[in-house]
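Participant: Kindly generate the corresponding structure for this input.
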Amino acid sequence: MIDLNKLMSQIDLQSLQSMDAAKLTGLLKEHQNNIIKFALIIASLIAVVVMFNDLHSKEEALRGQITQMQQKLDAMKSRDAVSGELDTFNAALPKKVNEFELITLLSDFAKSQHTSITSMSPAESVDMGLYDLINVHFNGVTDNFKDMVLFLRTIERSKYPLRIDTWSGSEDVNNKITFDVSVSAVMIHT
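Facilitator: Predicted structure coming up:
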């Protein structure tokens, strides 16, 4: 190990100023091994510091990339969760029905409850922004009051978003029930 105190005692600053080049060269030759060892230690320390700083900056960059990837992963998980919730919400929406399907649907309901639709106005669709409101008016005939009520109940309890807006009815001389109904349906824009 280099004894710095010994080296410093031999090299006195005041004597260094008064020394000439020959004495300085002689002194350097005498302590050449110690100076080389000291220079190598300083160079090694500088190399270690440079390598440490380089590794530290690489580590910081890697940590930044890991943080970005974690944020992207969290965003993807959030997107997947929201997408699942949207699918659940869309599945809970009532089934869609358009103008043509509504007329067919009402005809099928009438047949199932022994009711005849004698006349039907064309379905009208009105755009309400988030949904379309479909209105249809029809006249029907049935043999008894019970079948008419079952027909109207089938409309309102269907899996489609249907509503009876108006209803009026009467009994004719042949004991047939005639009635007028206005039905509306909602078709949500998705």
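Participant: Please name the bridge partners of the nearest residue to residue 187 once chain neighbours are set aside.
Facilitator: Once flanking residues are discounted, residue 187 sits nearest to residue 132: 4.4 Å by CB to CB, 6 or more residues apart in numbering. The C-beta positions use only the backbone N, C-alpha and C, and glycine is treated the same way. Counting by DSSP bridges, residue 132 is bridged to residue 127, residue 187.
Participant: Which residues are in contact with residue 132?
Facilitator: Going by CB atoms under 8 Å, 6 or more residues apart in numbering, residue 132 touches 125-126, 186-187, 189.
Participant: Out of these, which comes closest to residue 151?
Facilitator: Residue 151 has its nearest neighbour among these in residue 186, at 20.5 Å by CB to CB.
Participant: Do you know the pLDDT at the residue nearest to that closest one when sequence neighbours are not counted?
Facilitator: Leaving aside its sequence neighbours, residue 186 sits nearest to residue 161 (CB to CB, 6+ apart; 4.3 Å). On the pLDDT scale, residue 161 is placed at 86.
Participant: What are the phi and psi values at residue 161?
Facilitator: With angles defined as degrees, to the nearest 10, residue 161 sits at phi -80, psi 80.
Participant: So residue 140, which state does it fall into?
Facilitator: Here residue 140 is recorded as strand under DSSP: H, G, I helix; E, B strand; the rest coil.
Participant: same thing with residue 77?
Facilitator: Per three-state DSSP, residue 77 ends up helix.
Participant: residues near it, how many?
Facilitator: By other CB atoms under 10 Å, the residues close to residue 77 number 10.
Participant: any idea how far it is from residue 83?
Facilitator: 11 Å (CB to CB, to the nearest Å).
Participant: so where's the protein shaky on pLDDT?
Facilitator: 1-20, 24, 94, 190 (pLDDT under 70).
Participant: cutoff 80 now
Facilitator: The chain contains residues with pLDDT under 80 at 1-29, 31, 90-98, 188-190.
Participant: For it, which segments count as strands?
Facilitator: 115-120, 124-127, 131-142, 162-171, 177-188 (DSSP state E).
Participant: Quick check: the residue nearest to residue 187 vs residue 186, distance?
Facilitator: Relative to residue 186, and taking CB to CB, residue 132 is found at 7 Å.
Participant: Now list whatever residues contact both of these two.
Facilitator: Joint contacts of residue 132 and residue 186 (CB under 8 Å, 6+ apart) do not exist.
Participant: Can you name the residues bridging to the spatially closest residue to residue 167 that is not a sequence neighbour?
Facilitator: Nearest residue to residue 167, sequence neighbours excluded (CB to CB, 6+ apart): residue 181, at 5.2 Å. Under DSSP bridges, the beta-bridge partners of residue 181 are residue 138, residue 167.
Participant: Pick out the residue closest to the middle of the protein.
Facilitator: Central residue of the chain (CA atoms, centre = their mean): residue 79, 2.2 Å from the mean position.
Participant: Okay, now stretch 121-132: how far is its last residue from its first?
Facilitator: One end of stretch 121-132 sits 18 Å from the other (CA to CA, to the nearest Å).
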